[in-house]
Structures are given as C-alpha cells and as structure tokens.
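Student: no sequence on this one, just coordinates:
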C-alpha cells in the first residue's frame, strides 16, 4: 500500500460540506481535474458535457437555448471560482465564461499552453525525480 505523501505541495484540500476542492493553487492538476469533473457532473450532466467540450455554443441557437447556455456558464464559473485560491481567481476574472476559464486551466496545467510551460513542467518533474531516494528494500521516499 502506498504511503500517503507528506509533500504539502501535492495536497488538494477538500471541503467536507461540498466535496469540492477549495483554495486550489495549481498543485496536482490531475487530481483537481478529476474532482472538478465529479463536482460538475453532480451539479448537472449537461454542464459536464460543456466542461468536456462535447457541447459548444452555437450562434444559430434560439434565444431560450442561448439563455440556457448563459446560465450553465454562470454555474460553471461559480464552481471554478469556489474551488480556486484568490490569486488563481484573479487570473481567471478576465475570462468571459466558465468554458474559457476551464480551457485556460487545462492549457496551462496540461502543459499545452506554450513552450515555456512545457519546459517548466519538465524541469519540475525532473527535480522531483532527482529528489526521490530509494530505500534498501526498494521503496521510494
């Protein structure tokens, strides 16, 4: 059984009330992304489809469908803002809707935003690998 990490930089704080991440500041993206998927799907399956990119805005929609889209985007923004720290929230405030916010996070933390982000991700992973130590019994610290 894996030993729980004591590296606070990889811990994601979870609200006991909502089950959502709180004050997330960029650490452990994969875990955060999974928790957000669960929170969004629990809120609304259609919102989850928007999050995944299966449903996208269409200019040809009726006025009521466009109004529905705006409501979904507000819900998505609220969920994202309620889970991130203030610094991250300030970066996201400039974006027009929840889909744009999620795209920003996905591009940034999946290393697809630019060459500098990819280089920093590689450097960070290499530093973690260098810091790992093997015990005589084969376990990694």
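Tutor: Yep, it's here. Quick caveat: nothing in here was measured; it's all calculated off a predicted structure.
Student: Closest to the centroid, which residue in this protein?
Tutor: Nearest residue to the geometric centre of the chain (CA atoms, centre = their mean): residue 33, 4.1 Å.
Student: so how far is residue 52 from that one?
Tutor: Counting by CB to CB, to the nearest Å, the gap from residue 33 to residue 52 is 11 Å. Yep, even glycine has a C-beta here, placed from its N, CA and C like the rest.
Student: Residue 37 too?
Tutor: Distance, residue 37 to residue 52, using CB to CB: 8 Å.
Student: which parts of the helix ranked longest in the chain are buried?
Tutor: As assigned by DSSP state H, the longest helix anywhere in the chain is helix 63-83. For helix 63-83, the buried set under the neighbour-count rule, 16 or more other CB atoms under 10 Å, comprises 69, 72-73, 75-77, 79-80, 83.
Student: mind giving me CSV with the residues you listed and columns for distance to residue 102 and pLDDT?
Tutor: Formatted as CSV, these follow (distance: CB to CB, whole Å; pLDDT from 0 to 100):
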residue, distance to residue 102, pLDDT
69, 14, 97
72, 12, 97
73, 10, 96
75, 12, 95
76, 7, 95
77, 9, 96
79, 10, 94
80, 7, 94
83, 11, 91
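Student: if we take those residues, which one ends up nearest to residue 12?
Tutor: The shortest approach to residue 12 among the buried residues of helix 63-83 belongs to residue 83, at 9.4 Å (CB to CB).
Student: What residues sit buried inside the host helix or strand of the residue nearest to the centre of the chain?
Tutor: For residue 33, the host element (DSSP states H and E) is helix 29-43. By neighbour count with 16+ other CB under 10 Å, helix 29-43 contains the buried residues 29, 32-33, 35-36, 39-40, 43.
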